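[1] Got a sequence here, can you build the structure:
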Amino acid sequence: MNENEIKPQLLWDLYQISTNSARELLIAHGFRFLKRLENLTLYQSHGEAFTLTEEGGVVTNVKYKMRDEAAYYTCIKYAKEALNFETIFEKHEPSAYIQRLDDEKCTLVGMMIQGEGNYQSFGITLLDKLPLPNPENRVEVILQPPPGPSF
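    Predicted coordinates for the structure are as follows:
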């Protein structure tokens, strides 16, 4: 295993720590600072990226984007088996697979985006626990090309 290979616990290590500590941790794992936009900080490494959202100098949202399907499934399995996250919902669409997992304090949202027959992009977001879905707070995301003239 590569010493800089991401281990699933890194997502939880980044969550709810100071932005300075998060920066040091990501640099130690081979990521480089890319950009800061308001309360978002972007870090990148070979085919992977972290976007950290901060409030008051503390990381409140961790987004991990990758191209490696095995890394994605390793993070989901770790959440379920080691940290006892429970599946709240799973949704299969022609162009995406979305799942939500919760524990007592956090929500983990996993998304696999498909293109040309196989999954090409994987993302995991760890954030404060979201309310349980119900008809009143349901948000539906439809992935399709924008309307406009066909060529």
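[2] C-terminal to the top helix by length along the chain, which secondary structure element comes first?
    Assignment by DSSP state H gives helix 69-81 as the longest helix of the chain. Helices and strands here follow DSSP states H and E; after helix 69-81, the next one along the chain is strand 86-92.
[3] any idea which element the residue nearest the centre of the chain lies in?
    The chain has Ile124 as the residue nearest its centroid, 2.0 Å off, counting by C-alpha atoms, centre = their mean. Assigned by DSSP H and E, Ile124 falls within strand 118-128.
[4] Buried ones in that strand, by neighbour count?
    Tyr119, Phe122, Gly123, Ile124, Thr125, Leu126 (16 or more other C-beta atoms under 10 Å). Heads up, the C-betas are built off the backbone N, CA and C, glycines and all.
[5] Tell me which stretches of this structure form strands.
    Applying DSSP state E to the chain gives strands spanning 32-37, 40-45, 48-55, 58-66, 86-92, 96-102, 106-115, 118-128.
[6] Name every strand pairing with the third one and say which way it goes.
    According to DSSP bridges, strand 48-55 has the following sheet partners: strand 40-45 (antiparallel), strand 58-66 (antiparallel).
[7] Quick one: closest of these to Gln99.
    Each of these was scored for nearness to Gln99 using C-beta to C-beta, and the closest is strand 58-66 (14.6 Å).
[8] tell me the mean pLDDT for that closest one?
    Averaged over strand 58-66, pLDDT sits at 96.
[9] neighbours around Ala70, how many?
    Other residues lying near Ala70 total 9 when counted by other C-beta atoms under 10 Å.
[10] That'll do, ta.
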